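*Asks:* Predicted model, plus sequence, below.
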Amino acid sequence: MHAAIEGEADTPPSTPEEGECWLVGAAPTGDWVDQAGRLATFQAGGWLFITPRDGIRLLDRATGQAIHFHGGWQRPVMPAAPSGGTTVDGEARAALAELVDILVASGILPQS
């Protein structure tokens with residue numbers, strides 16, 4: 001099984017579909033009050049909340065990014081683009097930019 005969430009939100013969707021799963025944000029409202037950081041899945045007409053454990057990995061469908069839980073939800077961040085330097089440095093920047101593009105396409109880094 002490969003777990004996926006629709007995205008991260010503080011407010012539950014008004015008309016969720018059976019089986020939808022969301023990561024509850026830091027300031028939850030409505031049916032999600034007091035469930036920050038938990039997974040909310042819509043089952044049998046109601047919300048079921050799951051407490052994450054270290055090692056859980058998910059695909060965030062909204063961002064296309066892989067996230068994981070290790071003492072809290074971890075998301076890779078986009079590194080700053082290199083700048084400045086000489087000709088040799090320019091070749092290194094091009095190689096690093098290509099590597100970043102691959103990491104984004106692989107879902108390891110967020111799409112910009």
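*Replies:* Yep, that arrived.
*Asks:* Please name the spatially closest residue to T63 (chain neighbours excluded).
*Replies:* P110 (5.4 Å; C-beta to C-beta, 6 or more residues apart in numbering). For glycine as for every other residue, the C-beta is placed from the backbone atoms N, C-alpha and C.
*Asks:* May I have the phi/psi pair for the one you found?
*Replies:* phi -70, psi 150 (degrees, to the nearest 10).
*Asks:* Can you tell me how far it is from W32?
*Replies:* 23 Å (C-beta to C-beta, to the nearest Å).
*Asks:* And those two? Which one has more around it.
*Replies:* Neighbour count, other C-beta atoms under 10 Å: between P110 and W32, W32 has more, with 20 against 17.
*Asks:* Wait, that one touches P12, no?
*Replies:* Yes. Taking contacts as C-beta atoms under 8 Å, W32 lies within contact range of P12: 5.3 Å.
*Asks:* Can you show me the helices along the chain?
*Replies:* 87-105 (DSSP state H).
*Asks:* low-scoring stretches of it, by residue?
*Replies:* The chain contains residues with pLDDT under 70 at 1-2, 80-87, 106, 112.
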